[in-house]
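need a 3D model of the sequence below.
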Amino acid sequence: MSAAKIYLDGYLDIPPDRREDVLSALPKHVELTLAEPGCLKFEVVECTEIAGRLLVSEIFVDQAAFEAHQTRNRASDWFRITAGIERHFDIRER
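Below you'll find the model as predicted:
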């Protein structure tokens, strides 16, 4: 049996005073994540119903790929720019 895929869905609510910096950093964050081995999907879009909310959807081939993403993310400009912004994520495996 193959390893379970890791699915993450959720959102971040970006404070208005940080919106420009966060949105400017987003394309590079998406590009780097999609280039990671084991990343099957990585999508971050602005919510059309709640101002400042970014909707996040990710799929990784397995737990190891997801953990490698988390490690890379913690050392990234994205992590620095979004520091202190609460994440509301649901992580599951299938």
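
now do Ile6 against Gly52, distance only.
For Ile6, the distance to Gly52 (CB to CB, to the nearest Å) stands at 27 Å. To be clear about C-beta, it is placed using only N, CA and C from the backbone, and glycine gets the same treatment.

just give the number of residues close to the closest residue to Pro37 other than its chain neighbours.
Counting by CB to CB, 6 or more residues apart in numbering, Ala65 is the residue found nearest to Pro37 once chain neighbours are left out, at 6.5 Å. Per other CB atoms under 10 Å, the neighbour tally for Ala65 reads 19.

mind listing the strands for this protein?
6-13, 39-46, 53-60, 87-93 (DSSP state E).

measure Ala68 to Ala25 for me?
Relative to Ala25, and taking CB to CB, Ala68 is found at 20 Å.

and the most centrally placed residue in the chain, what pLDDT?
In the chain, the centroid-proximal residue (CA atoms, centre = their mean) is Val56; its distance is 5.7 Å. Reading off the confidence values, Val56 has pLDDT 98.
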